[in-house]
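>>> Predicted model follows, preceded by the sequence.
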Amino acid sequence: MGSRSPASFLFAPIAIYTNHLIFLFDILFVKDGTFLIGRTAFVTKEDKKIVIQSHILRIRLKDENRFDSYYLLYLLNQPIVQKQIAQYTFVQGTISTVGDRLNEVVLPVHLDREKIKCISQQVESIIEQKQETKRSIEKIIGTM
């Protein structure tokens, strides 16, 4: 992988937003709290009503030439990335926060584009399966 700067991994491909406008394929990231810092959620077409507060960052790719949002979700949940997030987390008053230090996290992007594509497709499939499960449960609830 070599020694690349964080900018070549994080700053270039994604944008971190603090406003609350949410779009399809955004990744929601917990930046403040106690035990949930670093947890992520993926916005799908099934997510019709979402309210987020200031402890949630909205992350979106600026350029999908290198990889897509599904692969970014995979990267953010990698143990090495979660370990970095834990290391960059500090206590601010009584609340822990990763704050702007998320920009310092280096993402371990595969060099093999086929591997990236394969992982992305697997993550997309998992998300689609979760959506189907949710729809099935809603049908069951609707028939009771």
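Here it is on my side, so go on.
>>> alpha carbons only for contacts and neighbour counts from here, please
Noted.
>>> which residues of this structure score low on pLDDT?
Counting by pLDDT under 70, the chain contains low-confidence ranges at 1-20.
>>> Which helix in it has the most residues?
For the chain, the longest helix by residue count, based on DSSP state H, is helix 113-142.
>>> Show me what counts as buried in it.
Ile116, Lys117, Ile119, Ser120, Val123, Glu124, Ile127, Gln131 (16 or more other CA atoms under 10 Å).
>>> Let me have those in a markdown table, adding distance to Leu76 as columns.
Converted to a markdown table, the buried residues of helix 113-142 look like this (distance: CA to CA, whole Å):
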| residue | distance to Leu76 |
| --- | --- |
| Ile116 | 14 |
| Lys117 | 16 |
| Ile119 | 13 |
| Ser120 | 13 |
| Val123 | 12 |
| Glu124 | 15 |
| Ile127 | 15 |
| Gln131 | 21 |
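>>> farthest pair in those residues?
Ile116 and Gln131 (22.6 Å; CA to CA).
>>> Ends of stretch 42-49, what's the gap?
14 Å (CA to CA, to the nearest Å).
>>> from the middle of its chain, how far away would that stretch be?
Put simply, stretch 42-49 sits 14 Å off its chain's centre (CA atoms, centre = their mean, to the nearest Å).
>>> Now do the buried residues in it.
Buried residues in stretch 42-49, defined by neighbour count with 16+ other CA under 10 Å: Phe42, Val43.
>>> Contacts for it, please.
The contact list for stretch 42-49 (CA atoms under 8 Å, 6 or more residues apart in numbering) reads Ile22, Phe23, Leu24, Phe25, Asp26, Ile27, Leu28, Leu73, Gln131.
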